[in-house]
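Q: Below is the sequence, then the predicted model.
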Amino acid sequence: MKAEVQNAPNPLGVQKESKLLVNFAIPCIISMLVTALYNIVDQIFIGQGVGMLGNAATNIAFPLSTTCTAIALLLGIGGASNYSLKLGAGEKEEAARYSGNALTLITIFGVALFVVVELFLTPMLKGFGATKDVLPYAETYTRITAIGFPFLIANTAISKQILADGSPRYSMMSMLVGAVINTILDPILIFGFGMGMAGAALATITGQIISFSISLRYVFHFKNIRLTKDSFRLGGRYVKNIGALGASACFNQIAMTIVQIVMNNVLSYYGAKSMYGGEIPLACAGIITKVNMVFMAIIIGISQGTQPIVGFNYGAKKYGRVRKTYLLAVGAATVLSFVAFICFQVFPRQIISIFGAGSELYFRFSERYFRIYMFLTVVNGIQPVTSNFFTSIGKSTLGIFMSLTRQILFLLPLIIIFPLIMGIDGVMYAGPIADAAAAIVCGYFMIRELKELTHKIKESKEAE
């Protein structure tokens, strides 16, 4: 009976593409939303219980969260993409080696990041743009959350492998349980025990450790492979290929981290020269970044949901299914981007109010920042879906390039140059210009790839 189950056709290669996308994307979206919720929930309760300086502190600490995500995606997406390609080609032993190597690297990188952060915390936070008043709050919060970094990295990375193995609901559950625990503990520790920033940090790491424990259990129960001791022994070829296919998602997060650090420093510097002061722009930008994370979590969830479908079918040379899956994903992402655009333009004050009270000057700056910086949200679904698509089919160089277009090639130079001319308003206008440029570049390369897929489909039909 077991042999019959193992020899049955993999649903990734035969089931209707739209059904597969729903089945895989929804758990991915929920998992990504959970990751965003860790930051959002902390931001809301900190805003209500600690105030504007607490909100600014979480913004200062945010680059370390994106660093964790960068490492997790490097190893998680890298391992999962290679896993899917090998599984689609029927090479299960190779798939197991990629999974095991990724798990070994996850452990090494997670512990290393924790040690570095604990040793160099204060200079790092100052480098991230912390002002004198914000620094103590940021130190308290980050020194505790750093304990959870290895667990956060491992859980996020393992969830990608669980997804590639065909268990999207389990992946979703592992993330969801931790978020629920964090949400319950936040008000208890922040308000009930009066622990402020420390309470929010303890709630966060408790949820992360429990989520990790759930994900770790799956490692011993993969559906399609069996891990052995040899699977965990690092091999140069496996490490190289994991890095190559994980680089796109990783570089996108690194780019976000670099942009966030530069933006924090720019906002502090030019904010101090404006009527707003240094703290209001830092707090507002932090909130808007976290809100945008919710929208992007949905988009990235869709793109990651396509990874096992696209990777398996490309490995199996079913190019028509590959093309259809991409078009469905980019269409869904564009519709959701339009909905987000409406929300950001019509309800900015209401959204900001969720994160605590502030002066009229605080709300006025927030509304302008929201409406201008997020003006071209409607095209923001194209880049992540396209970048992940190229990674899923093994074209890592294009995937990396796509992941860097908005953040590094366009946004980073603009947030440095525009404020020289326009002051703090320059940061706001840099956003939509970078969004438009990235969408145009990604669109060009994707049209070219779709033509190539069409050609391969014709060749496959002629060969038959």
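A: Great, that's in hand. Numbers count the residues shown, from 1 in each chain.
Q: CA only for contacts and neighbour counts going forward, please
A: Fine.
Q: Hmm, residue 155 is touching residue 215, no?
A: Yes - using CA atoms under 8 Å, residue 155 makes contact with residue 215 at a distance of 6.1 Å.
Q: who touches both of those two?
A: Common contact partners of residue 155 and residue 215 (CA atoms under 8 Å, 6 or more residues apart in numbering): residue 174.
Q: Show the model's pLDDT score for residue 48.
A: The score at residue 48 is 77. That number is its pLDDT.
Q: How many neighbouring residues does it have?
A: 19 (other CA atoms under 10 Å).
Q: thought it was touching residue 355?
A: Yes - in this structure, residue 48 is within contact of residue 355 by CA under 8 Å, at 6.6 Å.
Q: what about the spatially closest residue to residue 196 that is not a sequence neighbour, distance to residue 65?
A: Nearest non-adjacent residue to residue 196, counting by CA to CA, 6 or more residues apart in numbering: residue 190, 4.6 Å away. Distance of residue 190 to residue 65, given as CA to CA, to the nearest Å: 20 Å.
Q: the more surrounded of the two?
A: Neighbours were counted for residue 190 and for residue 65 using other CA under 10 Å; residue 190 has more, 24 against 20.
Q: What residues does that one make contact with?
A: Counting by CA under 8 Å, 6+ apart, residue 190 has contacts 45, 46, 49, 196, 197, 198, 199, 200.
Q: Helices of the stretch 201-350 of the chain, start to end?
A: With helices called from DSSP state H, counting those that start in this stretch, the stretch 201-350 of the chain shows them at 236-272, 279-315, 319-346, 348-353.
Q: mind checking how far the shortest one is from the chain centre?
A: By that I understand helix 348-353. 24 Å (CA atoms, centre = their mean, to the nearest Å).
Q: just the helices of the stretch 201-350 of the chain: most buried one?
A: Among the helices of the stretch 201-350 of the chain, helix 279-315 has the highest mean neighbour count (mean count of other CA atoms under 10 Å), at a mean of 25.
Q: Tell me who's in contact with the nearest residue to residue 24 once chain neighbours are set aside.
A: Nearest non-adjacent residue to residue 24, counting by CA to CA, 6+ apart: residue 305, 4.8 Å away. Taking CA under 8 Å, 6+ apart, we find residue 305 in contact with 21, 24, 25, 26, 27, 28.
Q: what helices or strands is the one helix or strand the third one maps to leaning on?
A: The one in question is residue 25. If you go by DSSP states H and E, residue 25 is part of helix 17-49. In terms of contacts (3 or more CA pairs under 8 Å, 6 or more residues apart in numbering; DSSP states H and E), helix 17-49 is packed against helix 52-88, helix 168-187, helix 196-219, helix 279-315, helix 319-346.
Q: pLDDT weak spots in the chain?
A: Within the chain, the stretches with pLDDT under 70 are 1-9, 35, 38-39, 356-358, 462-464.
Q: Which helix in it has the most residues?
A: helix 425-463 (DSSP state H).
Q: buried stuff in that helix?
A: Across helix 425-463, burial judged by 16 or more other CA atoms under 10 Å covers 425-439, 442, 446, 450, 453, 456-457.
Q: before we move on, the earlier item: nearest to residue 167, out of the helices of the stretch 201-350 of the chain?
A: Set against residue 167 and scored by CA to CA, the helices of the stretch 201-350 of the chain come closest in helix 279-315, at 10.7 Å.
Q: How far off centre is the closest one?
A: 5 Å.
Q: angle of it against helix 52-88?
A: 10 degrees (axes from the mean of the first three to the mean of the last three CA atoms, to 10 degrees).
Q: what angle separates helix 279-315 from helix 319-346?
A: Using the same axes, to 10 degrees: helix 279-315 against helix 319-346 is 170 degrees.
Q: can you tell me which of the helices of the stretch 201-350 of the chain comes nearest to residue 120?
A: helix 236-272 (16.0 Å).
Q: Make sure residue 150 is actually in contact with residue 117.
A: No - assessed by CA under 8 Å, residue 150 is found out of contact with residue 117, at 11.6 Å.
Q: So these two - more neighbours on which side?
A: Neighbours of residue 150 and residue 117, each counted by other CA under 10 Å, are more numerous for residue 150; the result is 23 against 19.
Q: Relative to residue 409, how far out is the more buried one?
A: According to CA to CA, residue 150 stands 30 Å off from residue 409.
Q: Residue 422 too?
A: 20 Å.
Q: what's the answer for residue 303, then?
A: Distance, residue 303 to residue 409, using CA to CA: 21 Å.
Q: Could you do residue 59 as well?
A: From residue 59 to residue 409 the distance is 23 Å (CA to CA).
Q: ok, now residue 327?
A: Distance, residue 327 to residue 409, using CA to CA: 26 Å.
Q: Next: residue 233.
A: 37 Å.
Q: Which one of these two is surrounded by more residues?
A: More crowded of residue 233 and residue 409, by other CA under 10 Å: residue 409, with 16 against 13.
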